[in-house]
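In: starting from these lines, generate the structure:
(one chain, ligands or ions: 1)
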Amino acid sequence: MKLRDSYRTIMFVFIVIVFGVCINSCSSEGVNNQAGEMSFGLSAVQEAVSGNAVDNKLALTPPMGWNSWNIFEADIDEKKIRQTADAMVDSGMRDAGYIYLVLDDGWMAKSRDSDGYLVADPNKFPSGMKAIGDYIHSKGLKFGIYEDRGHLTCQQLPGSFKHEQADMNTFARWGVDYIKMDSCFAENNGRLSTEDYAIYRKYITKAGRPMVLSISDFGNGAWAWGGEDMAQLWRTSGDIYPWMDSVYHCADTSGGDRSIHPAFNGLWQFAGPGHWNDPDMLQVGNLKNGIGNKAHFSLWCILAAPLMAGNDLRSLSDSVRKILTAPEVIQVNQDPRGIQGYKVYDSGDHEVYNKPLQDGTTAVLLLNKGPKPVDITIDWDKIGLSGRQKVRDLWAQKDLGYYTDSYTAGDLTRHGLMLIKVGSPGPLLAGPAPMSPDKYMVTKNGTTYLSDLYYIWKHGNAPKSDKNFNNNPITINGITYNKGLGCKSNSKIMYKLNNKADRFKAVVGLDDSYSGSGQGRFRVYNEDLFGNRVLFDSGRMSKGSSVKNVDLDVKGVKCLLLVFEGKNVFGNWANAHAIAKD
Ligand code: GAL
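Out: Below you'll find the predicted structure:
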């Protein structure tokens, strides 16, 4: 935990590594062809980016399994993993659908072998990884493993950077079925996330073994920049912790507006069979007092989130086992229609989600996150139904009867919920309508003001459109701008240029309403922070500094990241617009 935290603090201190020559890596194949596997040049990057589609048969429903991190962190060994595999079978977890047993960070030796290959930590895993994989497979489970696309993992063990092909081949040889590819130190790679993950996709395909690829990038917007072309799932959040605030926070990165413009109503439109939003692994069984276990599990099920258990299965209590294996709740998650549930009501403390199912019924979650007991009602017209409808309680596995026009879950205490199935099998209920592309990406020739688009990823404060952060006109050094984005403090905002724009222009400066002595800094990145492709840097600006004009060539840029930094400072991207030529 400590190492990761300190990693985080240095994460945004970038070191640009101009990486070098392509040593024949593009053409070399085969497990033992080490020479060709060890290095990358831009041509390999380009080839990978233009290359490979994801295996379209994997993860058609959200992956289910167990991962070692939430309970053991890096303290894993052969005995624990074998015992966990046994427990997955004996507890009924495997038969409930938890198939992947994933070894997270901490499995490998401090350095590669003399030929550059990854090896297991000899003290923790004396039999080696192939043997562990064989054991996992012998139990009817699938074998998952952790690596990192930086030169080190978050625990400072050998990362895959510059060993991509060799490592994917090694994993294939060990019988790996699932790879969680993390992002610590990846900002040093000099590669965009799209380039990095496309490389893994390419070498997974070349390795010739079907392996799920899980993007672990602290939620840096994979849904926006094309994670689905490379991977079966991607994180939408930072790490989850075993308390309910963290659980709700992570859920809101996928189901709410933590990480995307509120108009999208969550990330549901980016999920579907073979590509899932991942608000991180389960803390069911790790939460203090167990209060919240059902709320946590219900949320992950309605959000079609990957279900990676993270508790110690060797000491699984009956009550936690019943939650993790609740058959009708899991069915909601695993529904083959693959719609991610979306909010139809949110008062802050009280939420209702709807997830239309394959059989023509729909699953509805009514949840009280707040301190006071409450009744929560769902009106049928909010979920595309009317009249008299059958209602089934999915936790109790019990029909509740027929309800006309609405259903009320009574007296829900804090973290209390009802997860119901509404309706009778029949024709499919309509899913929600996705956001039209012209609302969130550059689609037309000419000028598109970013303030007229919905941002597709954000971290920190959301910007104000065509206003300063106080909702007044944007004014810098006495000049008022009708268009632009008003920011306060740290705000990272991603817009989708969609490879369509030629230039990006803006005028940046601190807003006249700001009277403090703080400094603000404006930076523009290609895509996300990982490639460290800084297209513009204003340097530190103070109140009254002359404005800086931004005028950038953005041809071929998928997403543009606008980063404003300045503690409590008001800064504007005045007149920010993209220009696409005919
Ligand atoms: C984090 C990741 C965690 C865990 C950890 C291992 O970056 O988000 O899920 O894998 O690294 O060090």
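
In: in the top strand by length along the chain, what's buried?
Out: Looking only at the chain and at elements set by DSSP state E, the strand with the highest residue count is strand 570-580. If you call a residue buried by 16 or more other Cβ atoms under 10 Å, then strand 570-580 has these buried ones: 570-580. Every C-beta, even on glycine, is put in place using the N, C-alpha and C of the backbone.

In: quick one: name the residues of the stretch 1-150 of the chain near the ligand.
Out: When proximity is defined by Cβ under 6 Å from any ligand atom, the stretch 1-150 of the chain lies next to the ligand at 4, 69, 104-105, 146.

In: wait, which of those is closest to the ligand?
Out: Distances from the ligand to those, taken as Cβ to the nearest ligand atom, are shortest for D105 (3.4 Å).

In: so after whichever strand or helix holds Y495, what's the next helix or strand?
Out: Taking DSSP states H and E as the definition, one finds Y495 inside strand 491-496. For strand 491-496, the following helix or strand on the C-terminal side (DSSP H and E) is strand 503-510.

In: export the helix or strand just after that following strand to CSV, keeping only CA atoms.
Out: Downstream of strand 503-510, the next assigned helix or strand under DSSP H and E is strand 520-526. These are the backbone C-alpha positions of strand 520-526, laid out as CSV (Å, rounded to 0.1, in the frame of the first residue of the first chain):
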residue,chain,number,x,y,z
GLY,A,520,-2.4,28.8,-12.5
ARG,A,521,-0.9,26.6,-15.2
PHE,A,522,-2.6,25.4,-18.4
ARG,A,523,-1.4,22.3,-20.3
VAL,A,524,-2.7,20.5,-23.3
TYR,A,525,-2.0,16.8,-23.8
ASN,A,526,-2.6,14.4,-26.6
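
In: what is the next helix or strand after strand 520-526 packed up against?
Out: Scanning forward in sequence from strand 520-526, with DSSP H and E defining helices and strands, the next element found is strand 534-541. When contacts are defined as 3 or more Cβ pairs under 8 Å, 6 or more residues apart in numbering; DSSP states H and E, strand 534-541 packs onto strand 503-510, strand 520-526, strand 548-553.

In: out of those strands, flag the one nearest R209.
Out: Across those, R209 has its closest neighbour in strand 520-526 (32.8 Å, Cβ to Cβ).

In: what strands flank the closest one, and is each parallel or antiparallel?
Out: Strand pairing for strand 520-526, using DSSP bridges, gives strand 534-541 (antiparallel), strand 559-565 (antiparallel).

In: sorry, back to before: out of the helices and strands packed on strand 534-541, nearest to S424?
Out: Each of the helices and strands packed on strand 534-541 was scored for nearness to S424 using Cβ to Cβ, and the closest is strand 520-526 (50.8 Å).

In: give me the domain ranges for this structure.
Out: With automatic domain parsing serving as the domain definition, the record reports that the chain contains domains spanning 3-333, 342-422, 438-580.

In: average pLDDT for the shortest one?
Out: What domain 342-422 shows for mean pLDDT is 98.

In: distance between the ends of it?
Out: Using Cα to Cα, to the nearest Å, one end of domain 342-422 lies 15 Å from the other.

In: so how far is it off the chain centroid?
Out: Remark: domain 342-422 is offset 26 Å from the chain centroid, using Cα atoms, centre = their mean, to the nearest Å.

In: the residue lying farthest from the centre of the chain and Y197, how far apart?
Out: Of all residues in the chain, G478 has its C-alpha farthest from the mean position, at 41.7 Å, by Cα atoms, centre = their mean. For G478, the distance to Y197 under the criterion Cβ to Cβ, to the nearest Å works out to 46 Å.

In: again with E228
Out: From E228 to Y197 the distance is 11 Å (Cβ to Cβ).

In: okay, these two: which has more neighbours?
Out: More neighbours sit around Y197 than around the other of E228 and Y197, counting by other Cβ atoms under 10 Å; the figures are 29 against 19.

In: show me what from this structure comes close to the ligand.
Out: Of all the residues in the chain, those in contact range of the ligand (Cβ under 6 Å from any ligand atom) are 4, 69, 104-105, 146, 154-155, 182, 184, 216, 239.

In: can you put those in JSON lines and add pLDDT, secondary structure and distance to W395?
Out: What follows is those, written out as JSON lines (pLDDT from 0 to 100; DSSP: H, G, I helix; E, B strand; the rest coil; distance: Cβ to Cβ, whole Å):
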{"residue": "R4", "pLDDT": "46", "secondary structure": "helix", "distance to W395": "35"}
{"residue": "W69", "pLDDT": "98", "secondary structure": "helix", "distance to W395": "27"}
{"residue": "D104", "pLDDT": "98", "secondary structure": "coil", "distance to W395": "30"}
{"residue": "D105", "pLDDT": "98", "secondary structure": "coil", "distance to W395": "34"}
{"residue": "Y146", "pLDDT": "98", "secondary structure": "strand", "distance to W395": "32"}
{"residue": "C154", "pLDDT": "98", "secondary structure": "coil", "distance to W395": "36"}
{"residue": "Q155", "pLDDT": "98", "secondary structure": "coil", "distance to W395": "37"}
{"residue": "D182", "pLDDT": "98", "secondary structure": "strand", "distance to W395": "34"}
{"residue": "C184", "pLDDT": "97", "secondary structure": "coil", "distance to W395": "38"}
{"residue": "S216", "pLDDT": "98", "secondary structure": "coil", "distance to W395": "30"}
{"residue": "D239", "pLDDT": "98", "secondary structure": "coil", "distance to W395": "28"}
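
In: in the stretch 151-300 of the chain, what residue comes closest to the ligand?
Out: Evaluated by Cβ to the nearest ligand atom, the stretch 151-300 of the chain has C154 as its residue closest to the ligand, separated by 3.2 Å.

In: correct me, but that residue touches K180?
Out: No: the pair C154 and K180 fails to qualify as a contact (Cβ atoms under 8 Å) at a distance of 11.3 Å.

In: to the chain's geometric centre, what's the distance from stretch 466-480?
Out: Average the C-alpha atoms of stretch 466-480, do the same for its chain, and the two points are 34 Å apart (Cα atoms, centre = their mean).

In: got the buried residues for that stretch?
Out: Within stretch 466-480, the residues that qualify as buried are 466-469, 473-476, counting by 16+ other Cβ under 10 Å.

In: save those residues as TSV, and put in pLDDT too.
Out: Written out in TSV, the entries for the buried residues of stretch 466-480 read as follows (pLDDT from 0 to 100):
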residue	pLDDT
D466	98
K467	98
N468	97
F469	95
P473	98
I474	98
T475	98
I476	98
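
In: how much space between V320 and S68?
Out: In this structure, V320 and S68 are 17 Å apart, going by Cβ to Cβ.

In: same thing with M168?
Out: Distance check for M168 against S68: by Cβ to Cβ, it reads 21 Å.

In: need the next SSE after the helix or strand containing K79, C-terminal direction.
Out: Using DSSP H and E, K79 falls within helix 78-90. Scanning forward in sequence from helix 78-90 by DSSP H and E, the next helix or strand is helix 93-96.

In: what mean pLDDT does the lengthiest helix in the chain get?
Out: Secondary structure of the chain per DSSP state H: the longest helix is helix 193-207. Confidence over helix 193-207, taken as the mean pLDDT, stands at 97.
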